[in-house]
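> from the sequence below, what's the structure:
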Amino acid sequence: MKLKQADLDYFARGEWQNPQFWRRFGGQPDFTGKRVLDVGCGHGSMAIYVARAGAASVVGLDLNCRLIEFANANLIQNHGDVADRVTFLCQDLKDYPEDETFDFILSKDSFEHILDLPGMLAEMKKRLKRGGRIYAGFGPLYNSPLGDHGYSQSRIPWRHLMLGEEGVLARTRARWPQLEIHSLGDLGLNGLALADYERIFAQSGLTILSLQTNRSDKLLSRLLSLPARIPFLREYFTFNLYVVLERP
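Prediction:
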């Protein structure tokens, strides 16, 4: 399989972002000898990163089969040093064997796209060892300044909230008339608010070890964090969330 340069560039960007991802948690766990599951693995950079950090085995799952095809080909062609410890599958987590359990489950930039997040957490819990942990970091949250991921085609902060869901959908249909779009879910956005995430995590049956918001070193991010300290503005100025959950 000939790898497309656009995919290689996206993979390289992921490689650059992976250390940043772990810094936002305050550091990465010790993966030495551990079994790790990467949910929403995309092009596969995090799975390969974790394998190189010493994981005994890493499984990457994604529903986009084209990305999994790239991930497998790239693994063999360019990352043979960890090819015996990394597996990429185009598969829904609910269809993955429940008797396969992991020390860590990772999710990078995917929780804002998962439509049934409570169901996903339940499936993750089934596949976590006792004391196993989930590390999930994601953003932008939907109610944050650019929370529609650009679908409103506007750089004006909170423009998607002013337009409302139907306005965002109308703009998207105008740009891609060939697509059938009836809801935010069709765009791959769950539209959850910060309070929704906090409630879902609290009701998951998992222990919240850490929940941090607005994790970034950029100046603009630090400026947004100031009004986020005000309770009635918190929802609209919280742009990302990094959570660590543990199975009791």
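> so which residues of this structure form strands?
Shown for the chain, the strands assigned by DSSP state E span residues 35-39, 57-62, 86-90, 102-108, 128-138, 207-213, 241-246.
> average pLDDT for the longest one, rounded please.
For strand 128-138, the mean per-residue pLDDT is 98.
> identify each buried residue in it, please.
In terms of neighbour count (16 or more other CB atoms under 10 Å), strand 128-138 has its buried residues at 128, 132-138. Backbone N, C-alpha and C define where each C-beta goes, glycine included.
> quick one: mean pLDDT for the longest helix seen in the chain?
Using DSSP state H to assign secondary structure, the helix with the most residues in the chain is helix 5-23. Confidence over helix 5-23 (mean pLDDT, whole number) is 97.
> okay, the strands of the chain in a markdown table with distance to Leu223 next?
Putting those into a markdown table (distance: least, CB to CB, whole Å) gives the following:
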| stretch | distance to Leu223 |
| --- | --- |
| strand 35-39 | 32 |
| strand 57-62 | 34 |
| strand 86-90 | 39 |
| strand 102-108 | 25 |
| strand 128-138 | 21 |
| strand 207-213 | 14 |
| strand 241-246 | 18 |
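> closest to Ile76 out of the ones you listed?
The stretch from those with the least distance to Ile76 (CB to CB) is strand 86-90; that distance is 10.1 Å.
> report the rounded mean pLDDT for that closest one.
Mean predicted confidence for strand 86-90 is 98.
> that one pairs with which strands, parallel or anti?
With DSSP bridges as the test, strand 86-90 is paired with strand 57-62 (parallel).
> restrict the partner strand to CA atoms and write it as PDB.
In PDB, the C-alpha atoms belonging to strand 57-62 read as follows (Å, rounded to 0.1, in the frame of the first residue of the first chain):
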ATOM      1  CA  SER A  57       0.900  -4.800  23.900                       C
ATOM      2  CA  VAL A  58      -1.200  -2.000  22.400                       C
ATOM      3  CA  VAL A  59      -4.500  -2.400  20.600                       C
ATOM      4  CA  GLY A  60      -5.800   0.600  18.600                       C
ATOM      5  CA  LEU A  61      -9.500   0.700  17.700                       C
ATOM      6  CA  ASP A  62     -11.200   3.100  15.300                       C
END
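> about what we covered before: adding distance to Ala6, write the buried residues of strand 128-138 out as CSV.
Below are these laid out as CSV (distance: CB to CB, whole Å):
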residue, distance to Ala6
Leu128, 35
Gly132, 35
Arg133, 33
Ile134, 30
Tyr135, 28
Ala136, 27
Gly137, 24
Phe138, 23
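> quick one: the lowest-mean-pLDDT helix or strand in the chain to chain centroid distance?
Across the helices and strands of the chain, mean confidence by mean pLDDT, DSSP states H and E is lowest for helix 219-225: a mean of 80. Between the centre of helix 219-225 and the centre of its chain there are 21 Å (CA atoms, centre = their mean, to the nearest Å).
> for stretch 146-166, same thing?
When C-alpha coordinates are averaged (CA atoms, centre = their mean), stretch 146-166 and its chain have centres 20 Å apart.
> what does stretch 21-38 give?
Between the centre of stretch 21-38 and the centre of its chain there are 14 Å (CA atoms, centre = their mean).
> which parts of that stretch are buried?
Taking 16+ other CB under 10 Å as the neighbour-count basis, stretch 21-38 is seen to contain the buried residues 21-22, 24-25, 28-29, 31, 34-38.
> measure that stretch end to end?
For stretch 21-38, the first and last residues are 14 Å from each other (CA to CA, to the nearest Å).
> what's that stretch in contact with?
46-47, 50, 53-61, 101-108, 127, 133, 135, 137, 210, 212, 215-216, 240, 242, 244 (CB atoms under 8 Å, 6 or more residues apart in numbering).
> same deal with stretch 224-236?
Stretch 224-236 is contacted from outside by 143-145, 158, 161, 193-195, 213-214, 237-239, using CB under 8 Å, 6+ apart.
> closest one to Arg173 out of these, please.
When the contacts of stretch 224-236 are compared for distance to Arg173 (CB to CB), Leu161 wins out at 18.8 Å.
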